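Engineer: attaching a predicted model along with its sequence, questions to come.
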Amino acid sequence: MAQVPKAQQQAFIDKLTKGGDAPLAALVFGNDTGGVQELGERLLRAVLGAAADDPMQVENLDDEMLKDDPGRLADEVQAISMFGGRRVVKVRNAGEGFRKAMQAVLVLPDEQVEAFIVALAPGLKKDAALARLFTKERRLAALPVYADDARDVQGLIDAVLAEHGLRIERDARLALGHMLGGDRLASRNELEKLALYCRGQERITLADVQAVASDVSAHMTQDMLDAFFGGDAARGVRLFQALLAEGTPGAAMLTAAANHVALLRRLRLAMSEGASAREAVEKARPPVFFKRREAIQRQLRAWTEDRLARADESIWQATHKARQLPDLEAELAERCLLVLALQAGRQQAA
């Protein structure tokens, strides 16, 4: 099946939804970290439908697990669901561990394969060994996800606002277009926030866009994340508690932290291609607020790609646990962010 370009990805998802012939695995990769996560979730739901939220139908692995136990992937793929139907094996931060583990999967006959693999590799380049494997092997599918361009952003605006029965005025659309882009998941989150703010209206105005963009709690959240990821745990906790007092859920702060990691990983990718930390921040799209730029540059020097991958995993684990234990949501979120602050402090002191 090889590579599935962006224009064909919806048709690929539709085919999975209808239960048509599917490859053994799909690799979602590219420089749009949020877009990789969003597309991976769509693939999972296309295969499982209403069962996508059932933990018995989804086995979550990551690249580090497979480095330690490469045979586990083949074992999970062959495991039969206790409740019937197809399972999904989801692999986060897929890399060399996953690539080597796939070798044992590829020798399996089709009749022994009981699960569909969805592998997420944010930041993976198209010439990486893993991407080449999925591009060339006929039983695999590679789905690249790159940062949205202006046309993509406008399409996303239309799609999200249509879901909420909202229309948008021209000047508001132009302003919104300049604010969004780069990370699809972050853009979708901003549009959902705008739609919630405008609930009950028929049209979104420029004033609505400016009101949401200048939301005080949003700036406080950014300050909190810069504190935690900069190693200032005390300031981070103070801002965390202030946001809680304003009614911001712990889960929302974990989502913001995940988006922050996505931003840092995207900027880290630019640095791996030759940009300095300053150049990566100054050229970021959507642009980084000018008052945050020095703080982000300091974070980029402390957080390597490997450390960011582990931070991403920690945030995901905390989010998953918070869904299971909603009464402890705030405590779990605060503990996760505190651990990240302590790690940042050690990295800066090293």
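Structural biologist: Received it, and whenever you're ready, just let me know what you need.
Engineer: in this protein, where's the longest helix?
Structural biologist: Using DSSP state H, we find that the single longest helix of the chain is helix 250-272.
Engineer: quick one: mean pLDDT for it?
Structural biologist: Across helix 250-272, the average pLDDT comes to 92.
Engineer: ok, then the element right after that helix?
Structural biologist: Per DSSP states H and E, helix 250-272 leads on to helix 277-282 as the next helix or strand towards the C-terminus.
Engineer: pull out the buried residues from that following helix.
Structural biologist: Ala277, Ala280, Val281 (16 or more other CB atoms under 10 Å). For glycine as for every other residue, the C-beta is placed from the backbone atoms N, C-alpha and C.
Engineer: which one of these is nearest Trp303?
Structural biologist: Proximity of the buried residues of helix 277-282 to Trp303 (CB to CB) peaks at Ala277, which lies at 10.7 Å.
Engineer: list the contacts of that closest one.
Structural biologist: Leu267, Met271, Gln297, Leu300, Arg301 (CB atoms under 8 Å, 6 or more residues apart in numbering).
Engineer: narrow those residues to those that are buried.
Structural biologist: Neighbour-count burial (16+ other CB under 10 Å) applied to the contacts of Ala277 gives Leu267, Met271, Gln297, Leu300.
Engineer: please report how far the residue nearest to Arg301 when sequence neighbours are not counted lies from Gly71.
Structural biologist: Distances taken as CB to CB, 6 or more residues apart in numbering put Ala277 closest to Arg301, at 6.1 Å, once the chain neighbours are dropped. Distance, Ala277 to Gly71, by CB to CB, to the nearest Å: 40 Å.
Engineer: I'd like the contacts of Ala277 as CSV, with distance to Leu328 appended.
Structural biologist: Converted to CSV, the contacts of Ala277 look like this (distance: CB to CB, whole Å):
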residue, distance to Leu328
Leu267, 32
Met271, 37
Gln297, 35
Leu300, 32
Arg301, 34
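Engineer: low-confidence regions, the stretch 51-200 of the chain specifically.
Structural biologist: Counting by pLDDT under 70, the ranges of the stretch 51-200 of the chain that qualify are 83, 148, 181-183.
Engineer: ok, now with 50
Structural biologist: Across the stretch 51-200 of the chain, not a single residue meets the criterion (pLDDT under 50).
Engineer: now do the helices in it.
Structural biologist: Applying DSSP state H, counting those that start in this stretch to the stretch 51-200 of the chain gives helices spanning 63-68, 72-78, 96-106, 129-136, 150-163, 170-179, 184-197.
Engineer: columns distance to Ala258 and mean neighbour count on top of those, output as CSV?
Structural biologist: Supplementary listing: the helices of the stretch 51-200 of the chain in CSV, determined by distance: least, CB to CB, whole Å; neighbours: other CB atoms under 10 Å:
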stretch, distance to Ala258, mean neighbour count
helix 63-68, 18, 16
helix 72-78, 25, 19
helix 96-106, 21, 20
helix 129-136, 23, 18
helix 150-163, 19, 15
helix 170-179, 19, 16
helix 184-197, 8, 19
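Engineer: sorry, back to before: which parts of the longest helix of the chain are buried?
Structural biologist: Under the neighbour-count criterion of 16+ other CB under 10 Å, helix 250-272 has 250-271 buried.
Engineer: domains of the protein?
Structural biologist: For the chain, automatic domain parsing gives the domain ranges 2-144, 150-213, 216-349.
Engineer: chain center to the longest one: distance?
Structural biologist: When you say that, I think you mean domain 2-144. Here domain 2-144 is found 15 Å from its chain centre; the criterion is CA atoms, centre = their mean, to the nearest Å.
Engineer: from one end of that domain to the other, what's the distance?
Structural biologist: End-to-end span of domain 2-144 (CA to CA, to the nearest Å): 11 Å.
Engineer: separation between Glu59 and Ala227?
Structural biologist: For Glu59, the distance to Ala227 - CB to CB - is 36 Å.
Engineer: more crowded one of the two?
Structural biologist: Ala227 (22 against 19; other CB atoms under 10 Å).
Engineer: list the contacts of the residue lying closest to Ala333 once chain neighbours are set aside.
Structural biologist: Of all residues not flanking Ala333 in the chain, Gly250 sits nearest, at 3.4 Å (CB to CB, 6+ apart). Contact analysis of Gly250 by CB under 8 Å, 6+ apart lists Leu244, Ala322, Glu329, Ala330, Glu331, Leu332, Ala333, Glu334.
Engineer: look up how far Ala142 lies from the closest residue to the fifth one other than its chain neighbours.
Structural biologist: Using CB to CB, 6+ apart and skipping the chain neighbours, the partner closest in space to Glu331 is Gly250 (7.7 Å). When CB to CB is applied, the distance between Gly250 and Ala142 equals 36 Å.
Engineer: what of Gln154?
Structural biologist: Counting by CB to CB - Gln154 and Ala142 are separated by 27 Å.
Engineer: check Gly30 too.
Structural biologist: 10 Å.
Engineer: kindly report the same for Ala262.
Structural biologist: Distance of Ala262 to Ala142, given as CB to CB: 21 Å.
Engineer: ok, Arg278 next?
Structural biologist: Note on Arg278: its distance to Ala142, by CB to CB, is 33 Å.
Engineer: hmm, back to that, relative to Ala52, which of the buried ones among the contacts of Ala277 is nearest.
Structural biologist: Closest approach to Ala52 among the buried ones among the contacts of Ala277 (CB to CB): Leu267, at 31.3 Å.
Engineer: not including adjacent chain positions, what is the nearest residue to the closest one?
Structural biologist: Ala280 (4.3 Å).
Engineer: hang on, isn't that neighbour packed against Gly274?
Structural biologist: No: counting by CB atoms under 8 Å, Ala280 sits too far from Gly274 to count as a contact (9.8 Å).
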